[in-house]
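In: Below is the structure, and that's it, no one-letter string:
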């Protein structure tokens, strides 16, 4: 399409430079080519041609971001990082992991908290510091979620460090 537009425009420019008026077909060709180019672009946007969103790419970019910041991200942060809407983000996580992104990253943070508590001595790290570092704002929910997942309290895990 762009080749036809380029050819038609260059022949019109050449005709205006040489002073020889283009035949009527050239003017019709230019209108036809421009109209076709506009309608083709409009049709592509409607269909979404070239705009396929890969669910794995969306999820992967969110996980990479979370690993980099080391805490539970907000949904708007994840949308910005993956360049998708809130709805599209949720669809991608549902398709790949069958859970919403908020639950996925809460479980990620609980597993990370478990690892940090196991690796640290009680003198070096407190349960509250680990929770705050990972983005848990509500200590009661953190305690309940931790116990549900690991079957023990956070302080018990911390005390297991040898």
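Out: Happy to help now that I have it. Please read these numbers as outputs of a predicted model, since none were measured by experiment.
In: Neighbours of the closest residue to residue 154 other than its chain neighbours, how many?
Out: Nearest residue to residue 154, sequence neighbours excluded (C-beta to C-beta, 6 or more residues apart in numbering): residue 127, at 4.5 Å. All C-beta spots, glycine's among them, are computed from the backbone N, C-alpha and C. Taking other C-beta atoms under 10 Å as the criterion, the count of residues near residue 127 is 20.
In: residue contacts, residue 127?
Out: Contacts for residue 127 were tallied using C-beta atoms under 8 Å, 6 or more residues apart in numbering; they are 117, 154, 155, 158.
In: For PyMOL, write the select line for the buried members of these.
Out: Taking 16 or more other C-beta atoms under 10 Å as the burial criterion, the selection of buried members of these in PyMOL is written as:
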select buried, resi 117+154+158
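In: Select, from the contacts of residue 127, the two members most distant in space.
Out: Maximum pairwise distance in those, criterion C-beta to C-beta, is 8.6 Å, between 117 and 155.
In: Residue 150: neighbouring residues, count only.
Out: As a burial measure, the neighbour count of residue 150 was computed by other C-beta under 10 Å and equals 16.
In: Need phi/psi at the residue nearest to residue 154.
Out: In terms of degrees, to the nearest 10, the main-chain angles of residue 127 are phi -60, psi -40.
In: Ok, residue 74 next?
Out: Dihedral pair for residue 74: phi -90, psi 160, per degrees, to the nearest 10.
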